[in-house]
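> When you get a sec, could you give me coordinates for this:
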Amino acid sequence: MAKQARAHATRESIIQAAGVVFAGQSYSTATLAEVITEAGVTQGALYFHFDSKHDLAVALIRRQHELSYAGDNDDSERTTGLRALVLMSAALATQISSDPVIQGGLRLSTESSDLFPEYASQPYLDWIDGCRVHVDQAFADGEIDPALDAGAIARYIMSAFTGVQVVSRALTGWRDLFDRLEEMWAIIIPSLATPQRRQSLNELPALVRVPAIM
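Numbering: from 1, shown residues only. All right, here's what the predicted structure looks like:
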């Protein structure tokens, strides 16, 4: 058991180190030697757990998605409709701002998706499905104009969020992520809301600040 625990700890330290390395540079320029140094392990230890840089990158993408998507499936803070969508995006933005595994996995998914097509695409599909659940609830709550298409809304919200975080990273290293995310919702929500609910929903974009100060 102790040997298994050590092996698990070593694997986790390598994934954490890969997050740091891949968050800081592209897949093509990052090296396993840098991961080994960051993790403080031997070359043999790394190759015991991962066959190649590609294998490690795939593991990082998978772990990033496990961590970020698990937050959206936490029923302890469950809410509905557009509010749930705003809080979901804010929680992911908080992870992006602080967790190297999230940062590295997202960079691989957005910059090098052609290298991992069978792995990089699934997280986006899962997030679109997750958005769709909340969009459907927003329709049921009478928040969204019934003339709009739920699938198109879910795909657009996921695409908009991805664009916001990519540009935020490129321009400020994610320092302005919450500002840009609040702007995104301030544009999206009025375009979706029914006339009867538009005024009451105007407060929702500011909720992106809540996870950031918790």
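> what pLDDT, on average, does the one helix or strand Ala84 maps to get?
Following DSSP states H and E, the helix or strand that holds Ala84 is helix 81-98. Mean per-residue pLDDT for helix 81-98: 91.
> Same question for stretch 143-155.
96.
> Quick check: buried residues in that stretch?
For stretch 143-155, a neighbour-count test (16 or more other Cβ atoms under 10 Å) marks Glu143, Ile144, Ala150, Ile153, Ala154, Arg155 as buried. Every C-beta, even on glycine, is put in place using the N, C-alpha and C of the backbone.
> which non-adjacent residue is nearest the third one?
Spelled out, it's Ala150. Nearest residue to Ala150, sequence neighbours excluded (Cβ to Cβ, 6 or more residues apart in numbering): Val135, at 4.9 Å.
> Same check on the fourth one?
The spatially closest residue to Ile153, leaving aside those adjacent along the chain, is Val135, at 5.0 Å (Cβ to Cβ, 6+ apart).
> Please name the residues that touch the closest residue in space to Ala193 that isn't next to it in sequence.
Leaving out its chain neighbours, the residue that sits closest to Ala193 by Cβ to Cβ, 6+ apart is Leu201, at 4.9 Å. Leu201 is in contact with Leu82, Glu143, Ile189, Pro190, Ala193, counting by Cβ atoms under 8 Å, 6 or more residues apart in numbering.
> Recalculate using a threshold of 7 Å.
Leu82, Glu143, Ile189, Ala193 (Cβ atoms under 7 Å, 6 or more residues apart in numbering).
> for Pro100, same thing?
Gln16, Gly19, Val20, Ala23.
> what's the spacing between it and Gln64?
Look at Pro100 and Gln64: by Cβ to Cβ, to the nearest Å, they are 10 Å apart.
> ok, and the most crowded of the contacts of Pro100?
Among those, the one with the most neighbours (other Cβ atoms under 10 Å) is Gly19, at 25 neighbours.
> which other residues reach the helix or strand where that one lies?
Taking DSSP H and E as the criterion, Gly19 maps to helix 2-24. Applying Cβ under 7 Å, 6+ apart, the contact partners of helix 2-24 are 30, 34-35, 38-39, 41, 45-46, 49-50, 56-57, 59-60, 63, 100-101, 103-105, 107-108.
> if we go to 6 Å?
Helix 2-24 is contacted from outside by 30, 34-35, 38-39, 41, 45-46, 49, 56, 60, 63, 100-101, 103-104, 107-108, using Cβ atoms under 6 Å, 6 or more residues apart in numbering.
> Next: stretch 192-199.
Glu143, Ile144, Asp145, Pro190, Leu201.
> So what does the first one have for phi and psi?
Torsion angles at Glu143 (phi, psi; degrees, to the nearest 10) stand at phi -90, psi -30.
> Likewise for the second one?
Main-chain torsions, Ile144, degrees, to the nearest 10: phi -110, psi 140.
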